[in-house]
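Colleague: Sharing a sequence plus its predicted fold:
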Amino acid sequence: MKKLTAEYLLNQSRPISHILFFMIALVTVTVVSMNEETLDSFSEKLQFFILLFIQLEVFLFIAGKLFAGLETGKTRAEITGIIVTRFVLFIIACFIAAIIIYLLFKYITAWITGSDLNHVLNNFLVNEFNGWFKSTIGGLTFGAIVFIIIQWQAALQREQKLREENLIFQNETLKNQINPHFLFNSLNTLSSLISSQPETADKFISRLSAIYRYILENSQKDKVSLSDELAFISDYFFLHQIRDEDKIMLDIAIADQNKYFIMPVSLQILVENAINHNMATRENPLKISIYLEADYIVVKNNLQKKTIPLKSTQIGLRNLSERVKIITGKNIIIEETGTLFIVKIPLLP
């Protein structure tokens, strides 16, 4: 059963939202009519009910437009500034909308009842404005409190989900750090290099050390510079290339790498998947390309799947997809043609 949160109840795409506002308007009219003498007739109560119901629907629509799609990946101060700015816009927009709705409603009512339309605006300014202003400000204050609660609740949910995803990511990262296959293969390669190619062995040790240092220093961060991540990828790919020689190729074609940011250890997952799931020979090498496309960084490889597929739980790619969705609000894009496998990750601001 779907959990009934405030965000769920106030979603105008669901009938329950309109039913809720219908009930709020009905209860408000009942309470007001019991405590004030201004709503004597059924006609006055009905007009007040219709006006209130329309205003609630319009206020919620404005709030949905202004507060939807709050950016992630920003600091607390930036998020607070965005919410405050949107809140001010919300109050101003609702106040203007309330005036327009009220006057239109009065003109329509006067037209239906045959009253003089010329007196509507003057009567509003002279006799009704004070009462209307107090009730409208009261309603907007109530609405503002509701939406602040919704934003707060949504922020808590995002924080909780991000914490859970980070725990999963840290667990996966930890497992990668002690991955016996990766370490076993690296040490075997190093052992053979020490006697035959001591200079290359020194480079191998240096790159292996850099990989683990990068993971240890950045696995807790939300974002790193693209230049740091690509340097890490170059080190990681170097270790594979020592073993596979000319069977695998990496082409990084990105200028001004310091201008961009990305989640740490995100590209490594894609490069690792490409190497693990594809055949690579000198005649048909595996070619991996990394480049920018609009606001995305793209990892592309030629598709030449292994005859016997490597057993995979796809946890790495699924986890990456979830982290990207939470932090950027966008989805990673995965495209597979007959010859290419392409993954696009949104860059961070």
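Modeller: Nice, I can see it.
Colleague: C-alpha from now on. contacts and neighbour counts both.
Modeller: Noted.
Colleague: gap between the residue lying closest to residue 302 once chain neighbours are set aside and residue 270?
Modeller: Spatial nearest neighbour of residue 302, excluding adjacent residues (CA to CA, 6 or more residues apart in numbering): residue 340 at 4.5 Å. Residue 340 sits 13 Å away from residue 270, taking CA to CA, to the nearest Å as the criterion.
Colleague: And for residue 240?
Modeller: 14 Å.
Colleague: Where does pLDDT dip in this structure?
Modeller: 1-10, 36-39, 67-80, 146-182, 308-316 (pLDDT under 70).
Colleague: the strands in it, which residues?
Modeller: Here the chain has its strands, by DSSP state E, at 224-225, 248-253, 261-262, 286-293, 296-302, 333-336, 340-346.
Colleague: Any idea which of those strands gets closest to residue 280?
Modeller: strand 286-293 (5.1 Å; CA to CA).
Colleague: Show residues contacting that closest one.
Modeller: With contacts defined as CA atoms under 8 Å, 6 or more residues apart in numbering, strand 286-293 is touched by 247-254, 271, 274-275, 278-280, 297-302, 304.
Colleague: before we move on, back to that, among residue 340 and residue 270, which residue is more densely surrounded?
Modeller: residue 270 (21 against 12; other CA atoms under 10 Å).
Colleague: Run a quick check on the more buried one versus residue 298, I expect a contact.
Modeller: No - between residue 270 and residue 298 there is no contact under CA atoms under 8 Å: 9.9 Å.
Colleague: List the contacts of residue 98.
Modeller: 55, 136.
Colleague: same question, the one 5 residues further on
Modeller: Counting by CA under 8 Å, 6+ apart, residue 103 touches 120, 121, 124.
Colleague: of those, buried ones?
Modeller: 120, 124 (16 or more other CA atoms under 10 Å).
Colleague: what about residue 307, neighbour count?
Modeller: The number of residues packed near residue 307 is 9, by other CA under 10 Å.
Colleague: again, but for residue 280
Modeller: Around residue 280 there are 20 residues (other CA under 10 Å).
Colleague: same check, this time on residue 291
Modeller: There are 15 residues near residue 291, going by other CA under 10 Å.
Colleague: Show the residue spans covered by the helices in the protein.
Modeller: 6-9, 15-35, 42-67, 76-113, 118-123, 129-177, 180-196, 198-218, 226-244, 267-277, 315-328 (DSSP state H).
Colleague: if we compare those helices, which one ends up closest to residue 259?
Modeller: Taking the helices of the chain one by one with CA to CA, helix 226-244 is closest: 7.7 Å.
Colleague: Export the helices of the chain to a markdown table and append columns for distance to residue 291.
Modeller: As requested, those are arranged in a markdown table below (distance: least, CA to CA, whole Å):
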| stretch | distance to residue 291 |
| --- | --- |
| helix 6-9 | 39 |
| helix 15-35 | 45 |
| helix 42-67 | 33 |
| helix 76-113 | 29 |
| helix 118-123 | 62 |
| helix 129-177 | 24 |
| helix 180-196 | 26 |
| helix 198-218 | 21 |
| helix 226-244 | 11 |
| helix 267-277 | 11 |
| helix 315-328 | 18 |
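Colleague: Residue 257: what's it in contact with?
Modeller: 225, 226, 227.
Colleague: can we see that at 7 Å?
Modeller: 226, 227 (CA atoms under 7 Å, 6 or more residues apart in numbering).
Colleague: Same check on residue 122?
Modeller: With CA under 7 Å, 6+ apart, residue 122 has no contacts at all.
Colleague: Please tell me how far it sits from residue 141.
Modeller: 27 Å.
Colleague: Please apply the same query to residue 199.
Modeller: Distance of residue 199 to residue 141, computed by CA to CA: 72 Å.
Colleague: Now residue 200: closest residue in space, sequence neighbours ignored.
Modeller: residue 193 (6.7 Å).
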